[in-house]
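Sharing a sequence plus its predicted fold:
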Amino acid sequence: MKFVFATHNEGKFKEASFILSEYGIKIEQKPIKGTEIQAEDIIYVVKHAAKNIRPGKDVAVIVDDAGLYIDALNGFPGAFSSYVQKTIGNKGILKLMKNEKKRSAHFDAAVALRTYDKLWVFTGRVNGTITGQERGFLGFGYDPIFIPEGESRTFAQMKLEEKCKISHRALALGRLATMVRNIGLIRQTIY
């Protein structure tokens, strides 16, 4: 079985490749994507995208989406995180949070796996807080403003290996990898 990670985002692919390689799953990046809709539920978003991709019989396609949910902003930006990142970015989020004492937030990830005849969705969540300023230069997106629970550093201050042990994406992809191994989809891809 060949595994294809459908994304244009190099950061997501780099993380997914690292995480899945720990389970013996090798993936390749393809900038294909099913119809990406805007919706409040990231599970619905990945399901919809995956349903619109038709992989061949020996191909499994992985579609990923994530959202940053800030409690003081009633869950904003949530499933619209990519759009908000492109429009106001981290500086805009920090401006919205300028005088806010409640800094709790969480990252959710949803990962769909689509084979020729099946579709599965896996999720992961990491709780944390929003910083007062950007910290670190590693990672991508909201990584410089998010400190995961139990840490003093932002995701952007962590090496890839460190982030990929605790991130929302790592949790979702770990669940995907466990299921893939349990049902025998990777017999041909272990290296």
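Great, that's in hand. Numbers count the residues shown, from 1 in each chain.

Any figure for the gap between the closest residue to Leu73 other than its chain neighbours and Gly75?
Leaving aside its chain neighbours, Leu73 sits nearest to Leu96 (6.3 Å; criterion: Cβ to Cβ, 6 or more residues apart in numbering). Using the backbone N, CA and C atoms, a C-beta is placed for each residue, glycine as well. For Leu96, the distance to Gly75 (Cβ to Cβ, to the nearest Å) stands at 13 Å.

Can you check which helix is longest in the chain?
The longest helix of the chain (DSSP state H) is helix 168-183.

mean confidence score for that helix?
The average pLDDT for helix 168-183 rounds to 92.

buried residues in it?
Neighbour counts over helix 168-183 (16 or more other Cβ atoms under 10 Å) mark His168, Arg169, Ala170, Leu171, Ala172, Leu173, Gly174, Arg175, Leu176, Ala177, Val180 as buried.

Could I get the full set of strands for the chain?
Ranges of strands in the chain, per DSSP state E, are 2-6, 27-30, 59-70, 77-78, 104-114, 119-130, 146-148.

Could you dump these into a markdown table and include distance to Glu40 and mean pLDDT?
Listed next are the strands of the chain as a markdown table, based on distance: least, Cβ to Cβ, whole Å; pLDDT from 0 to 100:
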| stretch | distance to Glu40 | mean pLDDT |
| --- | --- | --- |
| strand 2-6 | 22 | 91 |
| strand 27-30 | 27 | 90 |
| strand 59-70 | 9 | 94 |
| strand 77-78 | 6 | 95 |
| strand 104-114 | 12 | 96 |
| strand 119-130 | 15 | 97 |
| strand 146-148 | 20 | 98 |
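
export those strands to JSON lines and tack on distance to Ala16?
Shown next, in JSON lines, are those (distance: least, Cβ to Cβ, whole Å):
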{"stretch": "strand 2-6", "distance to Ala16": "5"}
{"stretch": "strand 27-30", "distance to Ala16": "6"}
{"stretch": "strand 59-70", "distance to Ala16": "7"}
{"stretch": "strand 77-78", "distance to Ala16": "21"}
{"stretch": "strand 104-114", "distance to Ala16": "8"}
{"stretch": "strand 119-130", "distance to Ala16": "12"}
{"stretch": "strand 146-148", "distance to Ala16": "18"}
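
what separates the residue nearest to Leu73 from Ser82, distance-wise?
17 Å.

Could you do Tyr44 as well?
15 Å.

For the nearest residue to Phe122 once chain neighbours are set aside, give me its contacts.
Using Cβ to Cβ, 6+ apart and skipping the chain neighbours, the partner closest in space to Phe122 is Arg175 (4.1 Å). Arg175 sits next to Phe122, Thr123, Gly124 when contact means Cβ atoms under 8 Å, 6 or more residues apart in numbering.
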